[in-house]
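Student: Dropping the sequence and predicted coords here.
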Amino acid sequence: MSIRTALVTLLAIALFAWFLSRANLSAVANEIAHARIGLIVWSVIIAAVMPIVRAIRWRYLLDPIGPTRFGPVLRATIVGFAALALLPARAGDVIRPYLVARTEGLSAASVFATVVMERALDLVAVLTLLASFVWVFNGRASLPPGMLAPIEASAALAAGVVMALMAVMWTLATHPERIGRLVARSDRLLPPRAAHVLAGLARTFSEGFAVAREPRDLAIAFVWSFPLWVSIAFQAWLVTRAFGILIPVPASFLIQGMLVIGVAVPTPGAVGSFHEAYRIAVTTFFHAPNNAAVSAALVLHAVSFFTSLVPGVVIMARDGMSVAGLGRLAGVARQKETAGTASIDSSQPVRQRR
């Protein structure tokens with residue numbers, strides 16, 4: 001076990017222990033036993049459909065790089081999110097583009113850039129939904145007065161960061177050769193070979209943002225981001241209601257924003273950070289009882305975790321891949337993306353770019 005893995009594992013244990021420390025565990029067990037199962041089942045169904053929606057959106061981001069097939073993109077999405085559930089340091093975010101690059105004959109660095117673009121679209125969608133709760137659905141009235149200003153300031157700051165990020169990605173997409181030449185000038189400080197490799201990587205990575213030059217594909221991917229995140233928020237609302245915590249549906253957009261912060265902590269499967277982010281959201285903003293909040297957090301995380309894990313494990317079993325193999329694949333993926341090339345199996349035909 002590496003030092004980084006040990007540290008994030010200890011962090012997950014500490015956060016989860018803190019999350020449980022103020023709860024009455026027998027009361028939590030009773031809450032779970034008496035939850036409304038029908039609502040939880042519907043949340044499972046919604047979660048199970050999410051990889052399909054993600055794969056559809058991702059193909060629009062990949063389209064300017066080269067042609068892709070839905071099956072391999074869906075398979076990579078499922079395995080990648082299983083890796084996010086199993087491995088620390090968001091390993092699934094490098095495994096997923098590597099698998100698509102390998103099966104579809106694309107550059108791993110370029111495909112990885114589309115995952116960065118995905119994250120930017122995700123953040124835009126989450127912030128837009130959060131803003132709609134505050135200003136369109138009268139969320140200001142239901143929030144504690146002392147919390148309103150920090151939420152508005154945080155949303156404004158995040159929006160500014162997203163706009164700056166989108167501007168950078170557009171610059172990279174429209175001037176990949178220029179970016180490569182600019183990085184190549186590092187040969188004044190680095191060995192020429194290293195500077196040449198970095199320049200090639202920068203150029204290839206920049207090409208991954210090619211969707212920024214394709215308004216139609218980018219617009220469609222952007223539109224798909226909203227049913228995706230509305231569905232994720234509704235899933236959280238269903239589980240919240242299953243435990244008798246009464247909140248309006250748009251309030252789930254605020255809970256979702258808190259959960260996005262929670263899963264950004266690089267613990268395996270977002271253990272601890274996800275739970276505490278949910279508990280803080282429903283107890284601080286909506287005055288939910290702590291035991292009910294802890295119970296709902298445990299079930300919501302279980303729904304998200306197992307609906308990501310089970311399909312991925314099934315695919316991994318069919319391919320003869322173990323969890324250890326998944327970890328090794330993450331290491332290979334990072335190496336290939338750093339090298340700016342994809343490793344293509346000899347059994348897989350290299351598909352021509354458009």
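Tutor: Cool, the structure landed. No experiment lies behind these values; they were computed from the predicted model shown.
Student: Check which helix or strand the residue nearest to the spatial centre of the chain maps to.
Tutor: Closest to where the C-alpha atoms of the chain average out (C-alpha atoms, centre = their mean) is Arg119, at 6.6 Å. Using DSSP states H and E, Arg119 maps to helix 108-131.
Student: Kindly report the same for Val168.
Tutor: helix 145-174.
Student: what about that helix, distance to the chain center?
Tutor: Relative to the centre of its chain, helix 145-174 is centred 17 Å away, using C-alpha atoms, centre = their mean, to the nearest Å.
Student: How about stretch 313-326?
Tutor: Chain-centre distance of stretch 313-326: 21 Å, with C-alpha atoms, centre = their mean.
Student: pull the CA atoms of it into CSV?
Tutor: What follows is stretch 313-326 as a C-alpha-only set of coordinates in CSV (Å, rounded to 0.1, in the frame of the first residue of the first chain):
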residue,chain,number,x,y,z
VAL,A,313,-17.9,-5.7,-11.1
VAL,A,314,-20.0,-7.7,-13.6
ILE,A,315,-18.1,-6.3,-16.6
MET,A,316,-14.8,-6.8,-14.8
ALA,A,317,-15.7,-10.4,-14.0
ARG,A,318,-16.5,-11.1,-17.7
ASP,A,319,-13.2,-9.6,-18.7
GLY,A,320,-11.2,-11.5,-16.0
MET,A,321,-10.2,-8.3,-14.2
SER,A,322,-9.7,-8.1,-10.4
VAL,A,323,-9.7,-5.0,-8.2
ALA,A,324,-5.9,-5.3,-8.1
GLY,A,325,-5.9,-5.4,-11.9
LEU,A,326,-8.1,-2.3,-11.9
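Student: quick one: Val28 and Ile220, what's the gap?
Tutor: 43 Å (C-beta to C-beta, to the nearest Å). The way it works is simple: take the backbone N, C-alpha and C, and place the C-beta from them, glycine included.
Student: got it, and Val162?
Tutor: The value you get for Val162 to Ile220, if C-beta to C-beta is used, is 19 Å.
Student: same question, Ile37
Tutor: Per C-beta to C-beta, Ile37 is found 37 Å from Ile220.
Student: These two: who's more crowded?
Tutor: Ile220 (18 against 9; other C-beta atoms under 10 Å).
Student: picking up where we left off before, quick one: the helix holding Arg119 to helix 145-174, angle?
Tutor: Inter-element angle recorded for helix 108-131 and helix 145-174: 150 degrees (by axes from the mean of the first three to the mean of the last three C-alpha atoms, to 10 degrees).
Student: quick one: low-confidence ranges for this protein?
Tutor: Scanning the chain with the threshold set as pLDDT under 70 gives 1-2, 89, 155, 166, 169, 172-212, 334-354.
Student: what do you get if the cut-off is 80, keeping everything else the same?
Tutor: Residue ranges of the chain with pLDDT under 80: 1-5, 87-90, 109, 138-215, 266, 321-354.
Student: could you dump the helix or strand hosting Arg4 to PDB, C-alpha only?
Tutor: In this assignment (DSSP H and E), Arg4 forms part of helix 3-21. Below are the C-alpha coordinates for helix 3-21, written out as PDB (Å, rounded to 0.1, in the frame of the first residue of the first chain):
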ATOM      1  CA  ILE A   3       1.700   6.300   1.500                       C
ATOM      2  CA  ARG A   4      -1.000   8.200  -0.500                       C
ATOM      3  CA  THR A   5      -3.400   5.300  -0.300                       C
ATOM      4  CA  ALA A   6      -2.800   4.800   3.400                       C
ATOM      5  CA  LEU A   7      -3.400   8.500   4.000                       C
ATOM      6  CA  VAL A   8      -6.700   8.800   2.100                       C
ATOM      7  CA  THR A   9      -7.800   5.500   3.800                       C
ATOM      8  CA  LEU A  10      -7.100   7.000   7.200                       C
ATOM      9  CA  LEU A  11      -8.900  10.200   6.200                       C
ATOM     10  CA  ALA A  12     -12.000   8.200   5.100                       C
ATOM     11  CA  ILE A  13     -12.000   6.300   8.400                       C
ATOM     12  CA  ALA A  14     -11.600   9.500  10.400                       C
ATOM     13  CA  LEU A  15     -14.400  11.300   8.500                       C
ATOM     14  CA  PHE A  16     -16.700   8.300   8.800                       C
ATOM     15  CA  ALA A  17     -16.000   8.000  12.500                       C
ATOM     16  CA  TRP A  18     -16.700  11.700  13.000                       C
ATOM     17  CA  PHE A  19     -19.900  11.300  11.000                       C
ATOM     18  CA  LEU A  20     -21.200   8.500  13.300                       C
ATOM     19  CA  SER A  21     -19.900   9.900  16.500                       C
END
